[in-house]
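# Structure for the following, please:
(chains A and B)
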Protein chains: 2
Amino acid sequence: MTTPWAHRYALRTHGMGSSAIRELLKLTQQPDLISFAGGLPAPEMFPTKEVQAACDVVLTEMGAQALQYSTTEGYPPLRELIVRHMARYGIKVGIDNVVITSGSQQALDLIGKLLINPGDRILTENPTYLGALQAFTAYQSQYVTVPIDDDGLQVEHLEAALRSGPKFMYILPNFQNPAGVTLSLTRRYDLIALADEYGVPIVEDDPYGQLRYEGEHLKPLVVLDSEYLGCEGDGGYTGNVIYTSTFSKTLAPGLRLGWIVAPRDVVFKLVQMKQGTDLHTSSFDQMVAYEVAHGGFLDKHIRAIREVYRRRRDLMLQTMEDHFPSEVRWTRPQGGLFLWVTTPESINTADLLKEAIEQKVAFVPGHSFHPNGGGYNTMRLNFSNATDDMIVEGTRRLAVTLKNRLAKQQPVFAVN
Amino acid sequence: MTTPWAHRYALRTHGMGSSAIRELLKLTQQPDLISFAGGLPAPEMFPTKEVQAACDVVLTEMGAQALQYSTTEGYPPLRELIVRHMARYGIKVGIDNVVITSGSQQALDLIGKLLINPGDRILTENPTYLGALQAFTAYQSQYVTVPIDDDGLQVEHLEAALRSGPKFMYILPNFQNPAGVTLSLTRRYDLIALADEYGVPIVEDDPYGQLRYEGEHLKPLVVLDSEYLGCEGDGGYTGNVIYTSTFSKTLAPGLRLGWIVAPRDVVFKLVQMKQGTDLHTSSFDQMVAYEVAHGGFLDKHIRAIREVYRRRRDLMLQTMEDHFPSEVRWTRPQGGLFLWVTTPESINTADLLKEAIEQKVAFVPGHSFHPNGGGYNTMRLNFSNATDDMIVEGTRRLAVTLKNRLAKQQPVFAVN
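Numbering: from 1, shown residues only, chains lettered A, B, ... in the order given. Take a look at the predicted model:
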C-alpha cells in the first residue's frame, strides 16, 4: 500500500539502502539460532542491581530534577565524570569540551548534520561502521575509502584519498567495527601529520577503546593531535579531532548514552544542532548512569567485562583455528566485540548466510560495510553476545557451512 | 577562541539563530526570579513514586531487556498502549502506524530530515513553535506563514500561502504554542479540504491535546482527514497527515518519550531515518513509561494535572484582568500551558524583558516565534510551572513592569 507521500521524500532517502542492522536484529530473535550477527553486549554482564539502586537514589533524592527537562549539553556531574575518565586515557579537556549524546549513534548524526552538505565526500576506512554510513548518508554524503590491513588504515594510500578533498575523515582506531583491527602507533602519527598538512579534520569513533584484552593502550588520535599541534590543556583543546565514545559497551546500551569531545566552538555548534534534534538526552538515564558509574564502580565493572569477552574471543579464535577450512582467513582483534573473516572470492557471504541460517548460525555479510561496494567474500562475527558453549557450537556450525560450500564448488571448477 | 572548524560548517548552521530556549532555560535558574518563560510541567505533579515502582518491576523482571539495545520502532507494548489511547480520541490506527521518538522534538527532526530539501518552504502558523523552526531550519527550510486569531489559523488566508507550493503545513491545532489558541472545528474542515485540493500534507503537532480545561474536545486533523478521504481503519490509515504527540506533558519530559502516527510507508521511512539518528529511544525509559501508564493510571493522572493547571490558568487570567494596563491584550486558552500577550506597538518585549528581570519576573519575548520576523510587541507566558502564589505575584510584577514602561512613554508622545 502506497500513499501520496512517496514522491515527497524521494531525494532525502536516496542511497539509504536496506536497513541491514535492523533486519538482522530481528533475525537474531529465533530462539534456537546462535547469532554472531549483532553487536550486542553480554546481557548477563549488565549491572542490573546497581542500576536499580541508582534509580532509588535518583528518584528519592532528585526525582523532580530527573523527570524534568534539562540542559542540552547534558547532566554536569556526568560530563565531569567523563572529563576525569578521559584524562586517565591522556585526553585533557574541560567540561565545555563535552556534550552528552543519545548514544554515540547520535554523535555521528550531529556531526553529519553540522558538517555535511549534499555531495560532500567523507573519507572512511574500507570496510567501516555501517551505522556511520547510515548517519552520514542521510545528509547526502559521498565516500572516498582507504583500505585497511591488520594494522588498520593503510596510511600509504591516504594521501591520494586526501587529494580528493574530503570534508572529514571518519576513523575507528581501536578494534575497528567491523574488522576488529587496531591502527598502529606509527600510522597514528602519520595520520595526524597528514590531517594537518591537508587541513582535513578527523572524527575519531572510539566505542571499544576500554575493552582491550591484550597489549598496550595506544594514544587516541585526539591526544596525538593535541601534542602535534601543541593545543593541549584544560578546556583549551582547539585541534583537528572530534572524539566520540559511549557507555553502551561498558554500562548498558539500552540507556542510549554517548558523548562527544571537541573544541569548544564545535561543541557549541553541536549543542545547537542537538537542541533542534531532541532538546536533550533523557535526564533520568543520565542521572542513573552517573550514580552507577561514579565512585570507581565503572572501572571495576569494565575489568569484569574484559575477562568475559577475552575468554569468548579466545574460544572463537581457537575453534576457528581447529575447524575452519584452510582457505579462510580472519583477524585476531586485541579488543572490542568483532572479528572479520575473508573467504575465497568464489563465496558470496550473502548467499552463505542463507545456508548458515539453515545450520542455525548467523553473521553479518561484509558487503554492506563497504561504502563504495565490494567485500562480497567477507563477514563480521561478534563474540560478546553468546555464552562460551554457544561460541564453540556456533563457530563449528559456521565451519561446517563453509566446508559444505567449498566442497560444492570444487566439482564445478573441475568440470570447467 | 576559534578553531579551523568554523568555515567548515558555515552553511549548515545558517539561520539557526541564537538558542533562545536554551538561554532562557538557564535564566530561569535564578532562585528568586518568578519565571513564566519556560514550558516546563509542574514538577510537583511528577508521578515519582509510580516511576520508582515501575523501575523495580522493569529491572527485576525484565532487566536484561531494559538495558539492552532494542528495535528502532519502539517497545511494542508501549506502541500498543498508544494505539489504544489514540483510539479513544477517535484516531483509529494499528501498531505499524506508530513509532516511538525521543520526545516529540525528535519527531519534528525526523519529519524534517525525511521531507525537507534545502530551500523547501514550510507553511506555519504565525507565530509558531520555536523548536519546530529549529528542527526544520537545520535542513535549510524557508517559511511561508499564515496569521492566527482566537480561533487559530486564519483559513481565509491559507489558499494564497498554499499557492506558493509549501512542502508541508506545520499546524498546532490545540492550545497552540506559543499563542494558546485552538483551531475551530469549522476551520479544521476547511483546512483538510484545502490540504487535499492543493496536495499539501499536514504535520499535526498535538503535545497538549489532553490538557483541556474547558469546552469540548475537537476532532484531531488526522481523524477529520481519515473521514474526508475515507481511509480510516486498523492499520490502514493512508491519509495526508503526520500526527505527533508526547508523554512529556502528561508523564515526565525528562524521559524524552514522544510518538508519531502516520501512514505505514511514511512510518517505514521515518524508522529508517531514526535508525541512523539514534538507533532507538531508551529501552529502559520506554519500559518504565509503559509500566507507569498502563492499567488506567495515566488517565487518572491527567485528570489531576488538568485540575492544577486549570486553577493556575484561572489565577493568571484573573490577576491580569485585575492589574494589567487596559492597552494590553491577551488570549484565554482552553487548555495547554501558555497564553499570549500583545502590548501596544510602542513596546519592544525584548527590551521589556530586561526591565521585567529587574522586577524578578521573566517571560519569552514573542519575536522569535515568528518565522519571518515581526511580533516585537508580543510575549508568551507559561502558567504550568509556578505555584499559585507565584502566579499571582509574578503576574503583578509583570503588570508593574508594563505600567512603568507605558508611563515612561506617555510624556515622549506628548512632547512630540
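# least trustworthy helix or strand in chain A by mean pLDDT?
Least confident element among the helices and strands of chain A, by mean pLDDT, DSSP states H and E: helix A:20-27 (a mean of 56).
# quick one: the helix or strand following that one to chain centroid distance?
Downstream of helix A:20-27, the next assigned helix or strand under DSSP states H and E is strand A:34-35. Relative to its parent chain, strand A:34-35 has a centroid offset of 20 Å by CA atoms, centre = their mean, to the nearest Å.
# and the direction of the next helix or strand along the chain from strand A:34-35 versus that of helix B:48-67, what angle?
Later in the chain than strand A:34-35, the nearest helix or strand by DSSP H and E is helix A:48-67. When axes from the mean of the first three to the mean of the last three CA atoms, to 10 degrees is applied, the directions of helix A:48-67 and helix B:48-67 differ by 130 degrees.
# Alpha carbons only: can I get helix A:48-67 in CSV?
Coordinates of each C-alpha in helix A:48-67 appear next as CSV, following Å, rounded to 0.1, in the frame of the first residue of the first chain:
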residue,chain,number,x,y,z
THR,A,48,21.1,-4.5,36.9
LYS,A,49,21.2,-4.4,40.7
GLU,A,50,23.4,-1.3,40.6
VAL,A,51,21.1,0.4,38.2
GLN,A,52,18.1,-0.4,40.5
ALA,A,53,19.9,1.0,43.5
ALA,A,54,20.8,4.1,41.4
CYS,A,55,17.2,4.6,40.4
ASP,A,56,16.1,4.6,44.0
VAL,A,57,18.7,7.2,44.9
VAL,A,58,17.9,9.4,41.9
LEU,A,59,14.1,9.3,42.4
THR,A,60,14.2,9.6,46.2
GLU,A,61,16.7,12.4,46.3
MET,A,62,16.4,14.2,43.0
GLY,A,63,13.1,12.9,41.5
ALA,A,64,11.8,16.3,40.3
GLN,A,65,15.1,17.0,38.5
ALA,A,66,15.4,13.5,37.0
LEU,A,67,11.9,13.7,35.4
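# residues in contact with that helix?
With contact meaning CB atoms under 8 Å, 6 or more residues apart in numbering or on different chains, helix A:48-67 is reached by A:252, A:283-284, A:287-289, A:291-292, A:297, B:43-44, B:46, B:48, B:51-52, B:55-56, B:59-60, B:63-64, B:67, B:252-255, B:284. From N, CA and C alone the C-beta is placed, and that goes for glycine too.
# Can you flag the buried ones in the residues you listed?
Buried members of the contacts of helix A:48-67, counted by 16 or more other CB atoms under 10 Å in any protein chain shown: A:252, A:283-284, A:287-289, A:291-292, B:43, B:46, B:48, B:51-52, B:55, B:59, B:63, B:67, B:252-255, B:284.
# ranges for the helices of the stretch 151-300 of chain A?
Here the stretch 151-300 of chain A has its helices, by DSSP state H, counting those that start in this stretch, at A:158-162, A:185-198, A:221-229, A:264-278, A:283-293, A:297-323.
# so which of those is the most packed in?
helix A:283-293 (a mean of 26; mean count of other CB atoms under 10 Å in any protein chain shown).
# got the angle between it and helix A:297-323?
80 degrees.
# quick one: which helix or strand includes the closest residue to A:Pro118 other than its chain neighbours?
Using CB to CB, 6 or more residues apart in numbering or on different chains and skipping the chain neighbours, the partner closest in space to A:Pro118 is A:Gln140 (3.9 Å). Using DSSP H and E, A:Gln140 sits within no helix or strand.
# and what of the one 4 residues further on?
Assigned by DSSP H and E, A:Val144 falls within strand A:142-149.
# Just list what that strand packs against, helices and strands only.
Applying 3 or more CB pairs under 8 Å, 6 or more residues apart in numbering or on different chains; DSSP states H and E, one finds that strand A:142-149 makes contact with strand A:121-126, helix A:158-162.
# Nearest to chain B, out of the ones you listed?
Nearest of the helices and strands packed on strand A:142-149 to chain B, taken as CB to the nearest CB: strand A:121-126 at 12.4 Å.
# ok, back up a step: now tabulate the helices and strands packed on strand A:142-149 in JSON lines and tack on distance to A:Phe268 and mean pLDDT.
Formatted as JSON lines, those follow (distance: least, CB to CB, whole Å; pLDDT from 0 to 100):
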{"stretch": "strand A:121-126", "distance to A:Phe268": "23", "mean pLDDT": "98"}
{"stretch": "helix A:158-162", "distance to A:Phe268": "27", "mean pLDDT": "97"}
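# out of the ones you listed, nearest to B:Ala304?
With CB to CB as the measure, strand A:121-126 is the member of these nearest B:Ala304 (50.7 Å).
# angle of the helix or strand that the closest one is followed by against helix B:264-278?
Once the chain leaves strand A:121-126, the next helix or strand it forms, by DSSP H and E, is helix A:130-137. For helix A:130-137 against helix B:264-278, the angle by the same axes, to 10 degrees is 110 degrees.
# So for helix A:130-137, mean pLDDT?
The pLDDT scores in helix A:130-137 average 96.
# same check, this time on stretch A:63-72
Rounded mean pLDDT across stretch A:63-72 is 97.
# one step back: using a markdown table, lay out the helices of the stretch 151-300 of chain A together with distance to A:Phe168.
A markdown table is the format used below for the helices of the stretch 151-300 of chain A (distance: least, CB to CB, whole Å):
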| stretch | distance to A:Phe168 |
| --- | --- |
| helix A:158-162 | 11 |
| helix A:185-198 | 9 |
| helix A:221-229 | 12 |
| helix A:264-278 | 11 |
| helix A:283-293 | 27 |
| helix A:297-323 | 29 |
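# In a markdown table, list those along with distance to chain B.
Converted to a markdown table, the helices of the stretch 151-300 of chain A look like this (distance: least, CB to the nearest CB, whole Å):
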| stretch | distance to chain B |
| --- | --- |
| helix A:158-162 | 15 |
| helix A:185-198 | 10 |
| helix A:221-229 | 10 |
| helix A:264-278 | 4 |
| helix A:283-293 | 4 |
| helix A:297-323 | 13 |
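# Nearest to B:Ala399, out of those helices?
Per CB to CB, nearest to B:Ala399 of the helices of the stretch 151-300 of chain A: helix A:264-278, 32.2 Å.
# Just the CA atoms of that closest one, as PDB, please.
The C-alpha trace of helix A:264-278 is given here as PDB (Å, rounded to 0.1, in the frame of the first residue of the first chain):
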ATOM      1  CA  ARG A 264      34.600  24.400  22.400                       C
ATOM      2  CA  ASP A 265      33.300  26.200  19.400                       C
ATOM      3  CA  VAL A 266      32.500  22.900  17.700                       C
ATOM      4  CA  VAL A 267      30.700  21.700  20.900                       C
ATOM      5  CA  PHE A 268      28.700  25.000  20.900                       C
ATOM      6  CA  LYS A 269      27.500  24.300  17.400                       C
ATOM      7  CA  LEU A 270      26.800  20.600  18.100                       C
ATOM      8  CA  VAL A 271      24.700  21.600  21.100                       C
ATOM      9  CA  GLN A 272      22.700  24.000  18.900                       C
ATOM     10  CA  MET A 273      22.200  21.000  16.500                       C
ATOM     11  CA  LYS A 274      21.200  18.700  19.300                       C
ATOM     12  CA  GLN A 275      18.700  21.200  20.700                       C
ATOM     13  CA  GLY A 276      16.700  21.100  17.500                       C
ATOM     14  CA  THR A 277      17.100  17.300  17.300                       C
ATOM     15  CA  ASP A 278      15.900  16.000  20.700                       C
END
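# Do you know the pLDDT at the residue nearest to A:Pro118?
Reported pLDDT for A:Gln140: 93.
# Likewise for A:Met1?
Confidence score, pLDDT, at A:Met1: 37.
# Kindly provide the distance from A:Asp351 to A:Gln359.
Per CB to CB, to the nearest Å, A:Asp351 is found 14 Å from A:Gln359.
# The two - which one has more neighbours?
With neighbours defined as other CB atoms under 10 Å in any protein chain shown, A:Asp351 and A:Gln359 compare such that A:Gln359 has more, 17 against 12.
# Cool, thanks, signing off.
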